[in-house]
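Q: Return a 3D structure for these sequence lines:
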Amino acid sequence: MVMHGGCLARKATITYNVSSIARINDIFSNTEFNGLKGYSFVVKELFSTESWNNFCLAHLYTYLPFGDMLGLGHIGDREICENVGITTMKSKTGLLPTIQSDLVTAHVVNVGANAELMALLLTISTEIKQTRDQIDAKIEQRSAAIDAKVEQQSAKIKQTRDQIDAEIEQQSAKIKQQSIEIKQTKDQICSKIEQQLKELRELFDAKTEQQSAVINLKIENQIIRMENITSKTEQKLW
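A: Got it, this is the predicted structure:
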């Protein structure tokens, strides 16, 4: 913790810094954050002019006003310092009350304390997005491959179905042709049978008529003979 403008009053500067952190520590210790409680701060002497490699928090108190802002957190680049903050004790209208300055400092310290976490979350979010993009790309690639296979299989199925339909149509045509041929054969057979029956009937009628004529002739001859016999018998009787 450093105090801008405190070089001429080192003890007062140290006292103010320690008491300010103590008050901020009380604020955090007695505040519940989403069910979590017990956060605190510890003052550690740092020599930023010698090394920036080992520090937890760098905070600057100043009496110089900077616009309408009373505090600023996370102002350094990552290569310099992620975890820094500034609190001014002076606004455009004058010095800030201690409680207001403590609240500003607590807010800035909290922002700085979460800077690395936010950077980590940003990195994680970026990695998650990259991973998700990779997964989406793989899914899209797999989907394209599956779609291609499905399309290929659909084409094969369609080709097979067309072949089956063609064979069925061909077989149906053959069956239809065979049915026509069977009907024609049946009609021919029926026609022949009818013709033969007609011929047999005509032959039968002719033979029947011929036999009837013969029988009638024989009967007539018998009648004539009987008449002759009768006539001769009558002549003898006379």
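Q: mind checking pLDDT for the residue sitting nearest the centre point of the chain?
A: Taking Cα atoms, centre = their mean, the centroid of the chain lies closest to Ser143, which sits 9.1 Å from it. Among the per-residue scores, Ser143 holds a pLDDT of 91.
Q: What does it show for phi and psi?
A: Per-residue torsions, Ser143: phi -60, psi -40 (degrees, to the nearest 10).
Q: again, but for the one 5 residues further on
A: Main-chain torsions, Ala148, degrees, to the nearest 10: phi -60, psi -40.
Q: what's around it, how many residues?
A: As a burial measure, Ala148 scores 10 neighbours (other Cβ atoms under 10 Å). Heads up, the C-betas are built off the backbone N, CA and C, glycines and all.
Q: pLDDT at it, what is it?
A: With respect to pLDDT, Ala148 scores 92.
Q: Helices along the protein, start to end?
A: In the chain, the helices defined using DSSP state H lie at 10-29, 98-113, 115-237.
Q: And the ones you listed: which comes nearest Met89?
A: Nearest to Met89 among those is helix 98-113 (5.6 Å), distances taken as Cβ to Cβ.
Q: Please enumerate residues in contact with the closest one?
A: The contact list for helix 98-113 (Cβ atoms under 8 Å, 6 or more residues apart in numbering) reads 20, 23-24, 27-28, 41, 57-59, 61, 70-74, 83-87, 89, 96.
Q: for the helices of the chain, which one ends up most surrounded?
A: helix 98-113 (a mean of 19; mean count of other Cβ atoms under 10 Å).
Q: if you look at the contacts of helix 98-113, which of them are in strands?
A: 58-59, 61, 71-73, 84-87 (DSSP state E).
Q: Can you tell me which of these lies closest to Leu36?
A: Gly73 (20.5 Å).
Q: check contacts around that closest one.
A: Gly73 neighbours (Cβ under 8 Å, 6+ apart): 84-86, 107-112, 115.
Q: Name whatever forms a beta bridge with it.
A: Gly85 (DSSP bridges).
Q: Look up how far Tyr61 lies from it.
A: 14 Å (Cβ to Cβ, to the nearest Å).
Q: do Lys207 as well
A: Lys207 is 150 Å from Tyr61, by Cβ to Cβ.
Q: related to what we said a few turns ago, out of the helices of the chain, nearest to Pro65?
A: Of the helices of the chain, nearest to Pro65 by Cβ to Cβ is helix 98-113, at 12.5 Å.
Q: Can you give me the pLDDT of Asn53?
A: Looking at Asn53, the pLDDT reads 59.
Q: how close does the residue nearest to the centre of the chain get to Gln153?
A: 15 Å.
Q: go on, Val109?
A: 64 Å.
Q: Lys92 now?
A: 76 Å.
Q: do Asn216 as well
A: Asn216 is 91 Å from Gln153, by Cβ to Cβ.
Q: And Thr230, by the same measure?
A: For Thr230 relative to Gln153 (Cβ to Cβ), the value is 111 Å.
Q: ditto for Arg23
A: Arg23 is 74 Å from Gln153, by Cβ to Cβ.
Q: Please apply the same query to Gln134.
A: In terms of Cβ to Cβ, Gln134 sits 28 Å off from Gln153.
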